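Visitor: what's the 3D shape of this:
(2 chains)
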Protein chains: 2
Amino acid sequence: PNGYILDIEEIAQGVQSGSRLYLGKAITLLESSNPEHKKDGQELLNQLLPHTGNSLRLGITGVPGAGKSTFIETFGEMLTSLGHRVAVLAIDPSSSLTGGSILGDKTRMEELARNPKAFIRPSPTAGTLGGVHKKTRETMLLCEAAGYDIILVETVGVGQSETLVRSMVDMFMLLVLTGAGDELQGMKKGILELADAIIVHKADGENARLAKKTVSEYKQMMHFLQPATESWKTRSVAASSIDNTGITEVWEMVQEFDETVKESGYWKKRRQEQTKEWFRSMITDELHSRFFDDGNRREVVGLLEKQVLSDKLTVAQAIVKLFE
Amino acid sequence: PNGYILDIEEIAQGVQSGSRLYLGKAITLLESSNPEHKKDGQELLNQLLPHTGNSLRLGITGVPGAGKSTFIETFGEMLTSLGHRVAVLAIDPSSSLTGGSILGDKTRMEELARNPKAFIRPSPTAGTLGGVHKKTRETMLLCEAAGYDIILVETVGVGQSETLVRSMVDMFMLLVLTGAGDELQGMKKGILELADAIIVHKADGENARLAKKTVSEYKQMMHFLQPATESWKTRSVAASSIDNTGITEVWEMVQEFDETVKESGYWKKRRQEQTKEWFRSMITDELHSRFFDDGNRREVVGLLEKQVLSDKLTVAQAIVKLFE
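Guide: Residues are numbered from 1 along each chain as shown, chains lettered A, B, ... in the order given. As a prediction, this is how the structure comes out:
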């Protein structure tokens, strides 16, 4: 009666048939804030759940200027040429998928975007980091149901988003430039210990020699740090998207990683832990949003915080006042 | 009438007079789970609040075997000999203050424990990490009100506790042994980026030469990592508690740190941020404990988790079921 008629069954079948049109519809449904859509979206996702989880989930982060979009385009083209179906998702609005621009309507990966074996989806722009996280995870599941066997999740790696990406992928790669060290200053602390591989990118022209040195510097550094993945020793390799060198080697390394963690049993363990953690963080999110939904709760917290900061109240007393 | 008579005023004055007896009483009051005691404890803390915050708060962590207790004893003795009053608190039950033993009644720092200018308090044994955190923070405030101008907070550094300690101190030191790298394997990821100083300990006898090499290895590593404190470059120094070498240098460095961060304005900024964060984490703790207080909530969460892990339910649907 309200003009909203949606056949969940039809969309589910459309997604499973690999139709990009239906996949786009399904994602839009899950991203919608309309309660009716939300419900339908979850129903749809539930129908597709048995067909998810079969992809290789790969996170890619790097400092601005590291050439993430060029790398993803070259890497993605190589993967599709090998017969893979590749979905590229971005977790933050300032990622290279939207060119880091507020206009955000033009994707930089023009060639890959036209490739029938690839699917590119920029980040959901609205909502909290937790909300974006949820939507990206759900989009990932939909892409898997649509038959994409490699999912690349891109993040800019300067905020909290790379921890979130790490928590939803099997393997995490960090793109850096030659002259290791300086550029890491702008990155999140501990980023090296989240990465399974460091790709020294733009290893071409005059940079090629310097890239070699940078690779061995990172190798040295890795000795002192803990590997991100049980049973896998973090690697450091050089690559150039322009010269198309090192790209095949990256893919060989990714496959080796995949075999290693599946053999060791860590792959399954991590996937289960990731789902558990996701569930738990959603509980916390829900508790927070319910608590702060109460109109003046935020105001009260702000006032109590002021009193605490000026030593007029202990933290424990402020908590008592807040919850009484 | 119930035999519980407590003069908060008297205890507050006792604490401020520097009496270790009253300080001990005050801490016990704050650690008590008796609701009446809790209320009195908070009242007491509130009275003392204006007299807190004036100490240098120093966190010390390190792998087991790094000699934390020996270091703290030597360092503490030196500080008291310079006229300082030193309080030593531990944040986890397995810390060296209790000898890592389950008996936990014998402190290893016998000399420092007899020192009238020192106060040693082992970790509160009961409760969650969040609870221990709260109690340690409050004990720290009481010690400050009692005139202790240097607070050492010790942690074993293998779990989550060193992040908590980092969140309550001004400066954080990591004790390591020679042969950097291998030993860090057992530590928390990113621990190097929490530390303002790396002390290569046990730099005596045959180890002295090796310690020098280790110091420069850490220095090299620090180039690639982000400093823990704005305006301060993380340092690496060698020390021996047995030979009493490097201990004075550590103290000089701590003072230099203190001056630097106070001049840059970061000291104040960090303290305020720490208090804010504490308040916020207590809100989350409270929301969780209220939610899970409901008898069978944990059970329901466990059941839903199982359904999510076996792909029978999406995470979003499980959340809806949990909160409906």
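
Visitor: in three-state terms, label residue A:60 for me.
Guide: Here residue A:60 is strand, with the state taken from DSSP: H, G, I helix; E, B strand; the rest coil.

Visitor: just the strands in chain A please.
Guide: A:56-62, A:86-90, A:118-121, A:150-155, A:171-176, A:197-200, A:235-238 (DSSP state E).

Visitor: quick one, what contacts the closest residue to residue A:194 other than its chain neighbours?
Guide: Nearest residue to residue A:194, sequence neighbours excluded (CB to CB, 6 or more residues apart in numbering or on different chains): residue A:166, at 4.8 Å. Where you see a C-beta, it was placed from the backbone N, CA and C, and this is true even at glycine. Neighbour list for residue A:166: A:59, A:172, A:194, A:228 [criterion: CB atoms under 8 Å, 6 or more residues apart in numbering or on different chains].

Visitor: from those residues, keep the buried residues only.
Guide: Among the contacts of residue A:166, those classed as buried by 16 or more other CB atoms under 10 Å in any protein chain shown are A:59, A:172, A:194, A:228.

Visitor: quickly list the domain ranges of chain A.
Guide: What automatic domain parsing lists as the domains of chain A is A:1-51, A:53-264, A:279-323.

Visitor: touching chain B at all, the last one?
Guide: This means domain A:279-323. Yes. Under the criterion of CB under 8 Å from any CB of the partner chain, chain B is reached by domain A:279-323 at A:279, A:282-284, A:286-288, A:290-291, A:301, A:304-305, A:308-309, A:311-320, A:322-323.

Visitor: mean confidence score for that domain?
Guide: Domain A:279-323 carries an average pLDDT of 91.

Visitor: swap in the second one?
Guide: Computed over domain A:53-264, the mean pLDDT rounds to 85.

Visitor: format the contacts of residue A:166 as TSV; extra columns: distance to residue B:7.
Guide: TSV is the format used below for the contacts of residue A:166 (distance: CB to CB, whole Å):
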residue	distance to residue B:7
A:59	60
A:172	59
A:194	54
A:228	56
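
Visitor: looking at the residues you listed, which is nearest residue A:133?
Guide: residue A:59 (12.5 Å; CB to CB).

Visitor: bridging residues for the closest one?
Guide: residue A:153, residue A:172 (DSSP bridges).

Visitor: what's the separation between it and residue A:74?
Guide: With distances taken as CB to CB, to the nearest Å, residue A:59 is found 17 Å from residue A:74.

Visitor: swap in residue A:54?
Guide: Residue A:54 is 25 Å from residue A:74, by CB to CB.

Visitor: compare the two and say which is more crowded by neighbours.
Guide: For the pair residue A:54 and residue A:74, the greater number of neighbours falls to residue A:74 (23 against 10), based on other CB atoms under 10 Å in any protein chain shown.

Visitor: so the more buried one makes contact with residue A:247?
Guide: Yes. Look at residue A:74 against residue A:247 with CB atoms under 8 Å: they come within range, at 5.6 Å.

Visitor: shared neighbours, those two?
Guide: Counting by CB under 8 Å, 6+ apart, the residues touching both residue A:74 and residue A:247 are residue A:241.

Visitor: phi first, then psi, for the residue of the stretch 51-200 of chain A found nearest chain B.
Guide: For the stretch 51-200 of chain A and chain B, the shortest gap (CB to the nearest CB) falls at residue A:190, measuring 3.2 Å. Main-chain torsions, residue A:190, degrees, to the nearest 10: phi 80, psi 10.

Visitor: quick check: closest non-adjacent residue to it.
Guide: residue B:190 (3.2 Å).

Visitor: measure that neighbour to residue A:156 for me?
Guide: Using CB to CB, one obtains 19 Å as the distance from residue B:190 to residue A:156.

Visitor: check residue A:131 too.
Guide: Distance of residue A:131 to residue A:156, given as CB to CB: 18 Å.

Visitor: the two: who's more crowded?
Guide: When neighbours are counted by other CB under 10 Å, residue A:131 and residue A:156 differ, and residue A:156 comes out ahead with 22 against 15.

Visitor: ok, and what's touching stretch A:266-278?
Guide: Outside stretch A:266-278, the residues that reach it (CB under 8 Å, 6+ apart) are A:53, A:137, A:167-168, A:170, A:229-232, A:258, A:261-262, B:305, B:308-309, B:315.

Visitor: ok, now with 6 Å
Guide: Under the contact criterion CB atoms under 6 Å, 6 or more residues apart in numbering or on different chains, stretch A:266-278 has outside partners A:167, A:230-231, A:261, B:309, B:315.

Visitor: out of these, who's nearest residue B:224?
Guide: Taking the contacts of stretch A:266-278 together and measuring to residue B:224 by CB to CB, the closest member is residue A:230, at 23.3 Å.

Visitor: tell me how far the closest one lies from chain B.
Guide: Separation of residue A:230 from chain B (CB to the nearest CB, to the nearest Å) stands at 12 Å.

Visitor: what's the local residue count around the closest residue in space to that residue that isn't next to it in sequence?
Guide: With CB to CB, 6+ apart as the criterion, residue A:230 has its nearest non-adjacent residue at 4.8 Å, and that residue is residue A:266. Neighbour count for residue A:266, taken as other CB under 10 Å: 17.

Visitor: can you list the residues of the stretch 101-250 of chain A near chain B?
Guide: With CB under 6 Å from any CB of the partner chain as the criterion, the stretch 101-250 of chain A meets chain B at residues A:181, A:189-190, A:193, A:221, A:223-224, A:226.

Visitor: mind putting these in TSV, distance to residue A:67 and neighbour count included?
Guide: Formatted as TSV, these follow (distance: CB to CB, whole Å; neighbours: other CB atoms under 10 Å in any protein chain shown):
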residue	distance to residue A:67	neighbour count
A:181	18	15
A:189	23	15
A:190	23	21
A:193	23	19
A:221	21	21
A:223	27	13
A:224	27	19
A:226	27	17
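
Visitor: pull the longest helix from chain A.
Guide: helix A:266-293 (DSSP state H).

Visitor: ok and that one relative to strand A:56-62, angle-wise?
Guide: 60 degrees (axes from the mean of the first three to the mean of the last three CA atoms, to 10 degrees).

Visitor: where along chain A do the helices fall?
Guide: Using DSSP H, helices in chain A cover A:8-16, A:20-31, A:35-48, A:68-81, A:110-114, A:129-145, A:161-166, A:207-224, A:247-264, A:266-293, A:297-309, A:315-323.

Visitor: identify the residues contacting the fifth one?
Guide: Identification of contacts with helix A:110-114 by CB under 6 Å, 6+ apart yields A:73, A:76, A:107, A:118, A:120.

Visitor: just put those residues in a markdown table and tack on distance to residue A:35 and neighbour count.
Guide: Putting the contacts of helix A:110-114 into a markdown table (distance: CB to CB, whole Å; neighbours: other CB under 10 Å) gives the following:
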| residue | distance to residue A:35 | neighbour count |
| --- | --- | --- |
| A:73 | 38 | 24 |
| A:76 | 36 | 24 |
| A:107 | 31 | 19 |
| A:118 | 33 | 25 |
| A:120 | 29 | 23 |
